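>>> take a look and give me a structure for this.
(chains A and B)
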Amino acid sequence: MKNIKIIVDISSYLIRKAVLSLIYENFSATEVILINSKEKNNLTAITQAKKPDIILLDNTNIVLNDFIFKDIYFLCIIVDKTATINHDIFDETLSIEDSQSTIIHKLQSIFNKINQSKIKQSKSENLSIREKEILKAISQGFTNQEIAEKLFLSIHTITTHRKNITAKLGIKTISGLTLYALLNGLVNLEETKLK
Amino acid sequence: MKINKFMKMADVIHLNYHLLSVLYRFKINLGFGEKSVEQSCKQNDINPDFFLEIANAFIDKDYFPDDKLQNFSLSIIIDYLQATHRYYTEEKIPEIENLFQTLINNGTPDNLKMIQQFFENYLDEFHKHINREEQTVYPYVLQLEKDFNRKKTTAKFLKLLEQYTITNYETEHDDIEEKLFDLKNILIKYIPPMDDYHPIHQILSKLFRLEKDINDHSHIEDKVLIPKVKKVEKQFLEQVKNKKIALV
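Down below sits the predicted model:
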């Protein structure tokens, strides 16, 4: 599964391709989305759709309203040395004259920060008692509505729990969740539809 | 590296052995000697340009000249998609089923039977999906192309076209890809302890390959077949309106 998503918005085709292969060679589990907002793509729209962890821009492609996004690391690659840039808005700046180790080191430290916060978010891999209860009901074939009524919870709460269960286990489908519940003895085969 | 028709077919396979499965689907036999891609294709009655587009799309994810592929007839695309279906149902899936069966025969815990059952349920859905394409979608597409080319159609087909259209098919795409992902993840993360993990390793690597292949397959459906059909549907309706296609 891809862990870290990065949008690369650079107008030069050659540099864009170079950044792509540099990332793929050095960082596994990364999804790179190449765009060029100068030509056709709209960075803001793509950011909203793709929800990246990192945006890497070149310093000729900067549009200020791109910085309204929270929780995204903004990196700048300086391709035009004559242009002035505001270092404060970026979490890191790279230069096309940086050495291999400098560039990789800079990127690595950003990747590490993201990974750490991702681990924090999913710190309890184990399901809570409530989540187990809901997972059991899902495996027995109950709908969200039925589970909500059974447990005296709102349907919204159930959906949130389901999202968390899926995120913790890495299983998306109902039959996948059922299989997990079976393997872990939360339900037995007679109770499920997987017979 | 991009493949072109002047390269030797043998070199192409050395370049990327995954293409063996593409050759298999095109029914291009081994034993190329010094023949070029073009010669090998022609000898096997395959349109070399179509072969090249599929092969290049297959080895390089970023290479997808959708526009070029669009120059081929719908029937040639359907032929290929059908050959892919046969490749799954007759070769790849039985291989995985056999591995599961061997595992069960060797006296494994009940847990594994549940995993096998999950896989069988997944297959039911997979077959349903394939059958719907073969029995509904493909005949519709072939009829569309046939009537478009002979400039004649029936009231019955015209009604079908107006009611059905390929857009319906597009919205019907289901969650079989997610199920396959779940199965892999369960085997990787939650497999119950066993004496010998070798068969599971075999199953997993086959599932990974199947998944990649299915993704390429749906890529061709979504990016090549559907846009092309939409285009023909549009022209078809226009020509019916202008009486360029006659109702018989």
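>>> mind listing the helices in the chain by residue range?
The chain I'm using is chain A. Along chain A, the segments classed as helices by DSSP state H run A:13-26, A:43-50, A:100-121, A:129-139, A:144-151, A:155-169, A:174-183.
>>> that was the other one, I meant chain B.
Using DSSP H, helices in chain B cover B:9-15, B:19-26, B:37-43, B:48-59, B:66-69, B:74-86, B:93-105, B:110-132, B:138-150, B:155-163, B:165-171, B:176-190, B:198-220, B:226-241.
>>> so can I have JSON lines of the helices of chain A showing mean neighbour count and distance to chain B?
(Each C-beta comes from the backbone N, C-alpha and C, glycine too.) What follows is the helices of chain A, written out as JSON lines (neighbours: other C-beta atoms under 10 Å in any protein chain shown; distance: least, C-beta to the nearest C-beta, whole Å):
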{"stretch": "helix A:13-26", "mean neighbour count": "14", "distance to chain B": "9"}
{"stretch": "helix A:43-50", "mean neighbour count": "14", "distance to chain B": "17"}
{"stretch": "helix A:100-121", "mean neighbour count": "13", "distance to chain B": "16"}
{"stretch": "helix A:129-139", "mean neighbour count": "18", "distance to chain B": "11"}
{"stretch": "helix A:144-151", "mean neighbour count": "15", "distance to chain B": "17"}
{"stretch": "helix A:155-169", "mean neighbour count": "16", "distance to chain B": "8"}
{"stretch": "helix A:174-183", "mean neighbour count": "23", "distance to chain B": "3"}
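>>> hey, least reliable of the helices of chain B by pLDDT?
Sorting these by mean pLDDT places helix B:66-69 lowest, at a mean of 60.
>>> whether stretch B:180-197 contacts chain A - can you check?
Yes. Using C-beta under 8 Å from any C-beta of the partner chain, we find that stretch B:180-197 touches chain A at B:181, B:182, B:183, B:185, B:186, B:189, B:190, B:192.
>>> chain A: which of the residues you listed is nearest?
residue B:182 (3.0 Å; C-beta to the nearest C-beta).
>>> nearest to residue B:223, of the helices of chain A?
When these are compared by C-beta to C-beta, helix A:43-50 sits nearest residue B:223, at 18.4 Å.
>>> by contact count, what packs against that closest one?
Helices and strands touching helix A:43-50, by 3 or more C-beta pairs under 8 Å, 6 or more residues apart in numbering or on different chains; DSSP states H and E, are strand A:4-9, strand A:30-35, strand A:54-58.
>>> can you list the helices of chain A in TSV and add mean pLDDT?
Shown next, in TSV, are those (pLDDT from 0 to 100):
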stretch	mean pLDDT
helix A:13-26	90
helix A:43-50	84
helix A:100-121	85
helix A:129-139	93
helix A:144-151	92
helix A:155-169	91
helix A:174-183	91
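>>> next up, the contacts around residue B:7.
Going by C-beta atoms under 8 Å, 6 or more residues apart in numbering or on different chains, residue B:7 touches B:36, B:37.
>>> got the contact list for residue B:114?
Applying C-beta under 8 Å, 6+ apart, the residues near residue B:114 are A:179, A:182, A:183, A:189, A:194.
>>> near the nearest residue to the first one once chain neighbours are set aside, how many other residues are there?
Same thing as residue A:179. Nearest non-adjacent residue to residue A:179, counting by C-beta to C-beta, 6 or more residues apart in numbering or on different chains: residue B:118, 4.7 Å away. When neighbours are defined as other C-beta atoms under 10 Å in any protein chain shown, residue B:118 has 23 of them.
>>> these two touch, right, residue B:118 and residue A:175?
Yes. Under the criterion of C-beta atoms under 8 Å, residue B:118 makes contact with residue A:175 at 6.3 Å.
>>> quickly note the distance from residue A:168 to residue A:135.
10 Å (C-beta to C-beta, to the nearest Å).
>>> any common contacting residues for these two?
residue A:127.
>>> flag every residue of chain B that's near chain A.
Residues of chain B lying near chain A (C-beta under 8 Å from any C-beta): B:111, B:114-115, B:117-118, B:121-122, B:175, B:178-179, B:181-183, B:185-186, B:189-190, B:192.
>>> do that again at 10 Å, thanks
With the criterion set to C-beta under 10 Å from any C-beta of the partner chain, chain B comes near chain A through B:62, B:110-115, B:117-122, B:125, B:175-186, B:188-192.
>>> return the residues in contact with residue B:78.
Going by C-beta atoms under 10 Å, 6 or more residues apart in numbering or on different chains, residue B:78 touches B:133, B:134, B:137, B:138, B:139, B:141, B:142, B:145, B:225.
>>> can I see the domain layout of chain B?
B:9-63, B:74-247 (automatic domain parsing).
>>> list only buried entries from the residues of chain B next to chain A.
B:111-112, B:114-115, B:117-119, B:121-122, B:176, B:179-186, B:190 (16 or more other C-beta atoms under 10 Å in any protein chain shown).
>>> ok, residue A:76 - how many residues close by?
Residue A:76: 22 neighbours (other C-beta under 10 Å).
>>> wait, it touches residue A:88, no?
No. When contacts are counted by C-beta atoms under 10 Å, residue A:76 is not listed as touching residue A:88 (11.1 Å).
>>> residues contacting the nearest residue to residue B:217 once chain neighbours are set aside?
Closest residue to residue B:217 apart from its sequence neighbours, by C-beta to C-beta, 6+ apart: residue B:84 at 5.3 Å. For residue B:84, the contact set (C-beta under 10 Å, 6+ apart) comprises B:21, B:22, B:25, B:54, B:130, B:213, B:214, B:216, B:217, B:220, B:221.
>>> just put the domains of chain B in a markdown table and tack on distance to residue B:3.
Shown next, in a markdown table, are the domains of chain B (distance: least, C-beta to C-beta, whole Å):
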| stretch | distance to residue B:3 |
| --- | --- |
| domain B:9-63 | 5 |
| domain B:74-247 | 15 |
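>>> and of the ones you listed, who's closest to residue A:115?
Of the domains of chain B, nearest to residue A:115 by C-beta to C-beta is domain B:74-247, at 18.6 Å.
>>> for that closest one, measure first residue to last.
This stretch, domain B:74-247, spans 22 Å end to end (C-alpha to C-alpha, to the nearest Å).
>>> the residue nearest in space to the middle of chain B: what's it in contact with?
Central residue of chain B (C-alpha atoms, centre = their mean): residue B:217, 3.6 Å from the mean position. Neighbouring residues of residue B:217 by C-beta under 10 Å, 6+ apart: B:80, B:81, B:84, B:85, B:87, B:88.
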